[in-house]
Structure formats: C-alpha cells, structure tokens
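In: structure for the following, please:
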Amino acid sequence: TECKITQKGVEYNGTLNKTLSGRTRQRWDSQTPHAHSSPEYGFPNGFTSHSFCRNPGNDPNGPWCLTTDPDVRYEYCDVKFCASCARDQGFEYRGKLQYTPNGVICQRWDKQSPHGHAYFTSDKWISYGGRYGHENYCRNPSAAGAPWCYTMAAATRYEYCTNIPVC
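Out: Alright, predicted model coming up:
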C-alpha cells in the first residue's frame, strides 16, 4: 500500500523512494556509503533489494531511507496517512470525513462557533498535528474512544464519528 496507517509507519511496504529533500537513496542490501545492520525482519515483505522508504527500527518519526550522500546517513520520507480507515482509537486518523453518523456537519477546529473549545490553540492540538486544524474533519485529539468532532448543530456539542471504517 502507498500509505501508512500509524505515525511510525512500520507496516508501510509501498514503493515511495524519495526522501524529503529528494536525495538519492542507498539500497537496503548495500553497505556503501553507509554500513548498517537493518534487520531483515524489519521489512514487511521480507525483501531488502530496493531503496524504498521503510522503518525497520521502529523509529517514532516514521519511514526513512539511507542516502548515497556520504555526509547524510538517512532522511525521512513523506509517506501519507491512509485516509479511509481508523485503527484502534483512531488517534492517528487523517481522513477527510466531515460529518457524523447522524449526518451533522462537523465544526471547523479553528472556529469557536457554535461551540467554543481549546483544541486549536492548545499545545496538545499543536503536538497532535495542528496542521490539520483548519478543517472540520473528524479527529481524536483527546484520545477518546474514537475520532469525533464538534458539530454545527447548536443542540449537539460533539459526536463520535463511528461512521469511519476500522482498518
């Protein structure tokens, strides 16, 4: 698949082979210019004869590639989140669902009407991924049981987005 389900992206086995800066990648079965001991079990499909972005060491920042630049050992890759499903409690869900199971449209996270809240400006929201805050997509910044959103219905402050498929 060409997307990751979790922030770490350990499960990612797509074919993206571009680092954030576009450096040329070193193949995983090569030890030049950078020697490494990336375990074969760290590759979901078992193959190391490529230079695709992977996360064999469970790096919290996600998939990366070794580079052929002698001065830069590795760089991270911009592997996108799978948008169509939520895993576990949906904390890492980055899809674009913007309505609840009852069909109510979600309130934008950067708006305080009709329901005031502190998520958009708080450190918690920023560390969660504030770059998604200008939208009205279902999210789980509070580590609740599932992604949710404030609603545009004055009588309903928030609803869980249980209409997101589970991965």
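
In: only C-alpha atoms for contact and neighbour calcs from this point on.
Out: Fine.

In: quick check: closest non-adjacent residue to residue 89.
Out: residue 146 (4.7 Å; Cα to Cα, 6 or more residues apart in numbering).

In: next up, the contacts around the one you found.
Out: Residue 146 makes contacts with 88-91, 140, 160-162, as judged by Cα atoms under 8 Å, 6 or more residues apart in numbering.

In: can you tell me which residues contact the closest residue to residue 96 other than its chain neighbours?
Out: In this structure, residue 96 finds its nearest non-sequential neighbour in residue 137, 5.3 Å apart by Cα to Cα, 6+ apart. With contacts defined as Cα under 8 Å, 6+ apart, the neighbours of residue 137 are 95-99, 106, 108, 149.

In: for stretch 98-108, how far is the first residue from the last?
Out: End-to-end span of stretch 98-108 (Cα to Cα, to the nearest Å): 9 Å.

In: out of the contacts of residue 137, which are buried?
Out: The neighbour-count test (16 or more other Cα atoms under 10 Å) marks 95, 97-99, 106, 108, 149 as buried among the contacts of residue 137.

In: would you reformat the residues you listed as a markdown table and include pLDDT and distance to residue 65?
Out: Formatted as a markdown table, those follow (pLDDT from 0 to 100; distance: Cα to Cα, whole Å):
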| residue | pLDDT | distance to residue 65 |
| --- | --- | --- |
| 95 | 82 | 26 |
| 97 | 86 | 31 |
| 98 | 91 | 34 |
| 99 | 91 | 37 |
| 106 | 95 | 38 |
| 108 | 91 | 36 |
| 149 | 94 | 36 |
